[in-house]
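> Kindly generate the corresponding structure for this input.
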Amino acid sequence: MLVFTSLYPNAVQPRHGVFIEERLRHLLESGRIEATVVAPVPWFPLRSPVFGAYARYAAVPAQEERHGIRIWHPRYPVIPKVGMRVAATLMSFALLPFLRNLQADGLDFDLVDAHYLYPDGVAAAKLAMALGKPVVISARGSDVNAIPRWRGPRRKIQRAAERAAAVVAVSQALKDKLTALGVRAGKITVLRNGVDLDRFAPARPCRRPCPVGSARAGVVDSWQSG
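Below is the predicted model of the structure:
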C-alpha cells in the first residue's frame, strides 16, 4: 500500500498529522499489509528561521524512517495567493515522475491510500489513474466542511471522489456532507478515529477551579462549553 498525504509527521514536525501515522501503525501491526509513505512537502530553498513555516519545510529530510515505516518527502511547488486553485495540479505534476521512479527501482504497490480530499486526495486520484492503480481517499474535516465553498476545488473533489474505489469519512456528519456534494452514499464508509486507551483517559473535573492552562482545565472548559 502506498500511503499518500502531506499530513504526516516528520523529523521537523513530529506532531504533524500524527493521527494518520497512528492509524497506519496499528494497521501494520495486524500483519495484513505492507506500506510505504509518500508525504510531499512544499518546496522552499532556505532554512533561515526568518521564513517561518517555509524554512521548516526546507529542513524536512528527503527520506526518513519512523517506527519502522519508510517515508519519502518529495517536494512540490506552492504558489502563494493562488495556491488553492492549482495546488492539486502542481502536486500531481511534481509527484508523478517521483512515483514512477520508485516503481522503476522495484517499489510497486497495489493501492493508493490518500488522506485529506484537497489537494492530496485530488492529486492522488490523478496519480492513481496515471499509474493504473485504485485509490481510496479519506475525508478528515475541513476538506469537506470548508474547502468545497470554493467552486473550483469543490468540482475537483467531486471528480476525485467519483474516480476513487472508495471514500472514507471519519464521522457520519462528514459522510452526510459528502453525499450533499453529490458523492454516492454507497461509496462512503464511516471509520471513526480511534483512541489509544493506554495513553488517554477521561479526566475527572476538579473539585476546585483548575489552574489555567492545565490539562484538566481544558477538559472542564470543553465539557462546560459543550
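> The helix or strand hosting Ser92: what's the following helix or strand?
Applying DSSP states H and E as the criterion places Ser92 in helix 83-104. Counting by DSSP H and E, the next helix or strand C-terminal to helix 83-104 is strand 112-115.
> Which other helices and strands does that following strand contact?
strand 2-4, helix 122-131, strand 135-139 (3 or more CB pairs under 8 Å, 6 or more residues apart in numbering; DSSP states H and E). Glycine gets a C-beta too; all of them are placed from N, C-alpha and C.
> Phi first, then psi, for Ser171.
phi -160, psi 160 (degrees, to the nearest 10).
> in the host helix or strand of Ala58, what's buried?
In the assignment (DSSP H and E), Ala58 maps to helix 53-59. Using 16 or more other CB atoms under 10 Å as the test for burial, helix 53-59 gives 54-58.
> For those, give me JSON lines that also has distance to Arg155.
Output for the buried residues of helix 53-59, formatted as JSON lines (distance: CB to CB, whole Å):
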{"residue": "Tyr54", "distance to Arg155": "29"}
{"residue": "Ala55", "distance to Arg155": "34"}
{"residue": "Arg56", "distance to Arg155": "32"}
{"residue": "Tyr57", "distance to Arg155": "28"}
{"residue": "Ala58", "distance to Arg155": "33"}
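> So which of those residues is the closest to Arg159?
Comparing those against Arg159 with CB to CB places Tyr57 closest, at 28.0 Å.
> correct me, but the closest one touches Phe44?
Yes - using CB atoms under 8 Å, Tyr57 is in contact with Phe44, at 5.0 Å.
> Adding mean neighbour count, write the helices and strands packed on strand 112-115 out as a markdown table.
Shown next, in a markdown table, are the helices and strands packed on strand 112-115 (neighbours: other CB atoms under 10 Å):
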| stretch | mean neighbour count |
| --- | --- |
| strand 2-4 | 26 |
| helix 122-131 | 23 |
| strand 135-139 | 25 |
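> Turn the ones you listed into CSV, columns for mean pLDDT and distance to Asp113.
Supplementary listing: the helices and strands packed on strand 112-115 in CSV, determined by pLDDT from 0 to 100; distance: least, CB to CB, whole Å:
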stretch, mean pLDDT, distance to Asp113
strand 2-4, 98, 5
helix 122-131, 97, 9
strand 135-139, 97, 6
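> In CSV: these, plus distance to Leu99.
Formatted as CSV, those follow (distance: least, CB to CB, whole Å):
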stretch, distance to Leu99
strand 2-4, 8
helix 122-131, 6
strand 135-139, 12
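> Between the ones you listed, which one is closest to Thr179.
Taking these one by one with CB to CB, strand 135-139 is closest: 11.4 Å.
> Touching, Met91 and Asp120? I think so.
Yes - taking contacts as CB under 8 Å, Met91 lies within contact range of Asp120: 7.3 Å.
> The nearest residue to Leu191 once chain neighbours are set aside and Ile137, how far apart?
Distance criterion CB to CB, 6 or more residues apart in numbering; nearest residue to Leu191, sequence neighbours excluded, is Val168 at 5.2 Å. Val168 sits at a distance of 7 Å from Ile137 (criterion: CB to CB, to the nearest Å).
> In terms of residue numbering, what are the domains of the protein?
Following automatic domain parsing, one finds the domains of the chain at 2-194, 198-226.
> any idea which of the ones you listed is most buried?
domain 2-194 (a mean of 17; mean count of other CB atoms under 10 Å).
> Report all helices and strands that the helix holding Ala58 contacts.
Counting contacts by 3+ CB pairs under 8 Å, 6+ apart, helix 53-59 packs against strand 41-42.
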